[in-house]
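S.K.: Sequence first, predicted model second:
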Amino acid sequence: MSQRLSRRLAQPIARTISRAPSPVVAYVAPWLAVMLGSVLPSLPYVGVTPMFPPLGFLVLLSWRQLRPGLMPVWAGFPLGLFDDLFSGQPFGSAILLWSATMLALDIIEARFPWRNFLVDWMVASCMIVACILLQVLIANHAGGATPVVLVVPQILLSVAVYPMVGRAVGRLDSWRLIRYRVIG
Amino acid sequence: MAPPGNRRTGYSRRAQYNTFFAYVAGVVGILAGGFFLIGSIASPASYEGLRSLASDATAPVMRLVTGGRSAASGAWNDVSGYAASGAEVARLRREVQLARVAAIQAQAQADENRRLKALLQLHDEAPRPVTNAWLIAGSNSSTRRFATISAGRAQGVQPGMPVRSPIGLVGRVLEVGHHSARILLITDTESVVPVRRASDGLPGFATGRADGTVQLRLITLGVNPLRPGDTFVTSGSGGIYWPGTPIAVVSTLTRDGAIAHVLSAPAASEMVVVQPAWQPTADDSLPPPANTTPADKRKP
């Protein structure tokens, strides 16, 4: 049974004689990476201004653009739920925005199937700007009163950092497909 | 880059259903997000249990990281201290000589204060701290200013308790987990702290601006009497925050008040003290309430 399952899961992944990627690592790593990205901004320090890029969102975008179809369209719901627990935003904000982002990316991909680095970066930048601005709007509806000017540095930093997050996700992608020795 | 070829489901009825229901689930995710959002806007305390669970689960790791960061910055201070140590030691020696005299004077004044307070039957206003805790996490990617501390219900922390550092006020407890708690920082735009000028007791409010400063608004309108450098402390009116906790120093003036830099910027203060909530009605120094009211008198 497990043999069949692993064969089915590992199907899109290249395999050589007696060496195959672990399906668990290959399919769990992207989810864990996004969750780590959600927790990480709260870790290093208690900042005085909202400066830190929404790292979970950036990692999710990177995975979606690097490997379309690896994460299902509904991945925004569980991952957004996890992000909401740590981000300080009102609960539901990331669920809504991330789910909408996944659907929007799917539509954009169908419309512009041929992509390159610049197109990817521009699409991701639009998503980042929209997401951060909507986050401010939602937070202000739920009790805050922050001027939008305050998130401009965060937006610029997130857009600038996005290609680097993409590189890191690329490295992680090659790591998750390392072939382990299998019998049979 | 070529478009991925896996969008076509082909003749497989199973693959068609899989794709279709994935899209349905995506739309349901958006609707569910909106539903949760309406719930949390209607009552911000909803989903508190989930958040507390999450912060409790990650608290040990965060505590470890905080310890490491604290040690690293301490080591850096040690190393950078060597560069200027000679001049520093000479300056400190001079300061200690002066400080000894000042300490003796302060001791005498403290004695006198205690005697006078005993004469007036005033109680000392220094509260016993509930617990000490580390600031272990902050909402760095959101415009709301929250932080997590490493103490919770197990250490006696309750919602509404003020949190301060040795330098000044940090915030107040919002949600309590088992061994972690979420606090609203005074720089959050929802936080309002009643304050007074330390020099003459001029009353006002400090509202957060989410960028490390607070907006001071005075209760008395008219000519703006503030000057850059004025220090503000909590006034304790209305309860929660203990009177006399330093909070901010005026940096720039506005038309109806001033913008002040928070003394205890959370990035600088890692160790905090949780105090019991201040209840002004329990203050013995206030005049007692009238014994009877006209309404009471009418009753037989």
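M.R.: Happy to help now that I have it. Residues are numbered from 1 along each chain as shown, chains lettered A, B, ... in the order given.
S.K.: Show the contacting residues for the residue of the stretch 101-250 of chain B found nearest chain A.
M.R.: The stretch 101-250 of chain B approaches chain A most closely through B:S139 (2.6 Å), counting by C-beta to the nearest C-beta. All C-beta spots, glycine's among them, are computed from the backbone N, C-alpha and C. Residues in contact with B:S139 (C-beta atoms under 8 Å, 6 or more residues apart in numbering or on different chains) are A:S42, A:P50, A:S87, A:G88, A:Q89, B:R145, B:F146, B:A147.
S.K.: Adjacent strands (with direction) for the helix or strand where the last one lies?
M.R.: Remark: B:A147 resides in strand B:146-149, with elements defined by DSSP states H and E. Neighbouring strands of strand B:146-149 in its sheet, by DSSP bridges, are strand B:131-138 (antiparallel), strand B:181-185 (antiparallel).
S.K.: Which of those strands has the highest mean neighbour count?
M.R.: For these, the largest average neighbour count (mean count of other C-beta atoms under 10 Å in any protein chain shown) is found in strand B:181-185, namely a mean of 26.
S.K.: quick one, helices of the chain?
M.R.: You didn't pick a chain, so chain A it is. All helices of chain A, identified by DSSP state H, fall at A:2-9, A:23-39, A:55-66, A:76-87, A:93-111, A:117-141, A:152-176.
S.K.: nope, chain B
M.R.: According to DSSP H, chain B carries its helices in the segments B:13-42, B:48-83, B:85-120, B:294-298.
S.K.: and the most centrally placed residue in chain B, how far is that from B:T234?
M.R.: Nearest residue to the geometric centre of chain B (C-alpha atoms, centre = their mean): B:G171, 1.6 Å. According to C-beta to C-beta, to the nearest Å, B:G171 and B:T234 sit 12 Å apart.
S.K.: again with B:L216
M.R.: B:L216 is 12 Å from B:T234, where distance means C-beta to C-beta.
S.K.: what's the overlap in contacts for these two?
M.R.: Common contacts of B:L216 and B:T234 (C-beta under 8 Å, 6+ apart): B:V195.
S.K.: which residues sit in contact with B:Q279?
M.R.: Contacts for B:Q279 (C-beta under 8 Å, 6+ apart) come out as B:G239.
S.K.: now it: how far from A:T16?
M.R.: Using C-beta to C-beta, B:Q279 is found at 72 Å from A:T16.
S.K.: just B:A25 next, same as before
M.R.: Going from B:A25 to A:T16 by C-beta to C-beta gives 35 Å.
S.K.: returning to that earlier point: may I ask which of the contacts of B:S139 has the most neighbours?
M.R.: Within these, B:R145 tops the neighbour count with 32 neighbours, counted by other C-beta atoms under 10 Å in any protein chain shown.
S.K.: Using CSV, please lay out the contacts of B:S139 together with distance to A:W31 and pLDDT.
M.R.: Converted to CSV, the contacts of B:S139 look like this (distance: C-beta to C-beta, whole Å; pLDDT from 0 to 100):
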residue, distance to A:W31, pLDDT
A:S42, 19, 82
A:P50, 26, 82
A:S87, 17, 88
A:G88, 22, 85
A:Q89, 20, 89
B:R145, 29, 88
B:F146, 25, 90
B:A147, 27, 90
